[in-house]
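S.K.: sequence and predicted model, in that order:
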Amino acid sequence: MTIRPDSRHLYLLVVDKLKQDIENNVYREKEKLPSEFELSRQLGVSRATLREALRVLEEEGFVIRRHGVGTFVSPRPVFSSGIEQLNSVTDMIIDAGMQPGTIHISSTIQNPTDDDNEKFNGLEGEQVHYFERVRTANGQPVVYCIDKIPTNIVENYQYNKNESLLHLLENEAGRYISYAVAQIEPLGFHEKVSPILECEPETALLVLKQMHYDQNDEPVLYSLNYFRADQFSFHVLRKRT
């Protein structure tokens, strides 16, 4: 079916048509789209117009373009959360109707770095617990996690290693996480993390950096989480002031 022009640029009409086709399962998740020649012929547009539309769709996460191979429909995120909501990874997985799990990579006690001292407002000779874990959903790795907690907050972690860190802080240390300051960044292929999460080379990551504060506004937990961008999406409610 050819595109009927209106007042907008033609490539934007192609974007809307392909989005509609993807949402209506004309092209399914991970399915390869027709060649540029065939797709431009079907839509009645030039290949230059089609390429511009595919560029926009790739930027918006609807398709993945593999050089020399073709264009594929991106998998739809399984897990979604409002970035303003302080949800644990465990809760996000459960809310999606899947079974959460944890693969423990390492658990050590380290001397604080200068960055740790700055983040935790000075540790005065204390050390930090360093946790490295992979969170799974139905046995599949979806999030790579690095967490840090000062030893003066939680002394012994090993007996509670399978417990949520938020629950650990509340039950063992009496520190209730009331809020977190978060920063989220997109990231391409990561030499260490991407293979652990079994990502394809073109699969992007979302990096969520969070400092968690307790009921007394004291920093108690720093988390660095790498999410598979094809599995997770985050949104935010913005209000006009």
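M.R.: That came through, no problem.

S.K.: show me the strands in the chain, by range?
M.R.: Taking DSSP state E to define them, one finds strands in the chain at 63-66, 70-73, 79-82, 100-110, 128-137, 140-150, 177-187, 205-214, 219-228, 232-235.

S.K.: in JSON lines, list the ones you listed along with mean pLDDT and distance to residue 20.
M.R.: Heads up, the C-betas are built off the backbone N, CA and C, glycines and all. Output for these, formatted as JSON lines (pLDDT from 0 to 100; distance: least, C-beta to C-beta, whole Å):
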{"stretch": "strand 63-66", "mean pLDDT": "85", "distance to residue 20": "14"}
{"stretch": "strand 70-73", "mean pLDDT": "89", "distance to residue 20": "13"}
{"stretch": "strand 79-82", "mean pLDDT": "65", "distance to residue 20": "21"}
{"stretch": "strand 100-110", "mean pLDDT": "90", "distance to residue 20": "35"}
{"stretch": "strand 128-137", "mean pLDDT": "92", "distance to residue 20": "29"}
{"stretch": "strand 140-150", "mean pLDDT": "93", "distance to residue 20": "29"}
{"stretch": "strand 177-187", "mean pLDDT": "90", "distance to residue 20": "26"}
{"stretch": "strand 205-214", "mean pLDDT": "93", "distance to residue 20": "26"}
{"stretch": "strand 219-228", "mean pLDDT": "94", "distance to residue 20": "26"}
{"stretch": "strand 232-235", "mean pLDDT": "76", "distance to residue 20": "20"}
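
S.K.: now tabulate those in a markdown table and tack on mean neighbour count and distance to residue 89.
M.R.: Listed next are the strands of the chain as a markdown table, based on neighbours: other C-beta atoms under 10 Å; distance: least, C-beta to C-beta, whole Å:
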| stretch | mean neighbour count | distance to residue 89 |
| --- | --- | --- |
| strand 63-66 | 17 | 24 |
| strand 70-73 | 19 | 26 |
| strand 79-82 | 16 | 9 |
| strand 100-110 | 13 | 7 |
| strand 128-137 | 20 | 5 |
| strand 140-150 | 21 | 5 |
| strand 177-187 | 13 | 13 |
| strand 205-214 | 19 | 10 |
| strand 219-228 | 21 | 7 |
| strand 232-235 | 17 | 9 |
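
S.K.: mind putting those into CSV with distance to residue 93?
M.R.: Below are the strands of the chain laid out as CSV (distance: least, C-beta to C-beta, whole Å):
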stretch, distance to residue 93
strand 63-66, 24
strand 70-73, 24
strand 79-82, 7
strand 100-110, 4
strand 128-137, 5
strand 140-150, 7
strand 177-187, 18
strand 205-214, 15
strand 219-228, 11
strand 232-235, 10
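
S.K.: and residue 59, how close does it get to residue 185?
M.R.: Counting by C-beta to C-beta, to the nearest Å, the gap from residue 59 to residue 185 is 16 Å.

S.K.: which residues touch residue 209?
M.R.: Listed by C-beta atoms under 8 Å, 6 or more residues apart in numbering, the contact partners of residue 209 are 182, 183, 184, 185, 223, 224, 225.

S.K.: just the closest of those residues to residue 25, please.
M.R.: Proximity of the contacts of residue 209 to residue 25, judged by C-beta to C-beta, is greatest for residue 184, which lies at 29.6 Å.

S.K.: find the centremost residue of the protein, please.
M.R.: The residue lying closest to the centre of the chain (C-alpha atoms, centre = their mean) is residue 227, at 3.2 Å.

S.K.: sounds good, over and out.
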